[in-house]
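**Student:** Provide a 3D model corresponding to the input given below.
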Amino acid sequence: MIVTILEKDSHAVIEVDGALTIETAIDLKTKALKLKKVYSTLIIDLLGVEFIDSSGIGALALINNKYKAKDGQMILTNINEDISLVFSITRAYDIFDFYDSVENAEEQLAV
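**Tutor:** Sure, this is the predicted structure:
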């Protein structure tokens, strides 16, 4: 998994590329929680994610909970059909905020 971090004025964007699994989830959690010290809003772009397992979902849930606990927000973007199916099966759609693109999420933040 490759993680690219883009730091903006009011938020950060993490672009994830590759599989989000038990082997890679710790790296994502570490980087996301480090950004929480500076930004209250985090956008995680899953455009490059071709596979996610329960550990990946768990990592995203933990990050989401940590941001919400500090009155912050985590947004997921660019979910492909396969990843969407995993979110549906695990009923994780109820706990995350989704947008179809980073740009749409950023537009919503600006409102």
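
**Student:** quick one, what contacts the residue nearest to L62 when sequence neighbours are not counted?
**Tutor:** Distances taken as CB to CB, 6 or more residues apart in numbering place K29 nearest to L62, at 6.2 Å, with adjacent residues excluded. From N, CA and C alone the C-beta is placed, and that goes for glycine too. Applying CB atoms under 8 Å, 6 or more residues apart in numbering to K29 gives the contacts A59, L62, I63.

**Student:** For K29, give me the pLDDT.
**Tutor:** Per-residue confidence at K29 stands at 96 (pLDDT).

**Student:** Please name the residues that touch the residue nearest to D71 when sequence neighbours are not counted.
**Tutor:** In this structure, D71 finds its nearest non-sequential neighbour in S40, 6.8 Å apart by CB to CB, 6+ apart. Residues near S40 by CB under 8 Å, 6+ apart: H11, Y67, K70, D71, G72, Q73.

**Student:** burial count for T77?
**Tutor:** Using other CB atoms under 10 Å, T77 has 21 neighbouring residues.

**Student:** wait, it sits on F96?
**Tutor:** No - T77 sits out of contact with F96 when judged by CB atoms under 8 Å, with a separation of 10.5 Å.

**Student:** what about the residue nearest to L62, helix or strand, and which?
**Tutor:** helix 25-35 (DSSP states H and E).

**Student:** Just name the closest of the contacts of K29 to L35, please.
**Tutor:** I63 (9.5 Å; CB to CB).

**Student:** possible to save the contacts of K29 as CSV with distance to L46 and secondary structure?
**Tutor:** Output for the contacts of K29, formatted as CSV (distance: CB to CB, whole Å; DSSP: H, G, I helix; E, B strand; the rest coil):
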residue, distance to L46, secondary structure
A59, 12, helix
L62, 16, helix
I63, 13, helix
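
**Student:** State the pLDDT value of the residue most central in space within the chain.
**Tutor:** For the chain, the residue nearest the mean C-alpha position is I44 (3.2 Å; CA atoms, centre = their mean). On the pLDDT scale, I44 is placed at 98.
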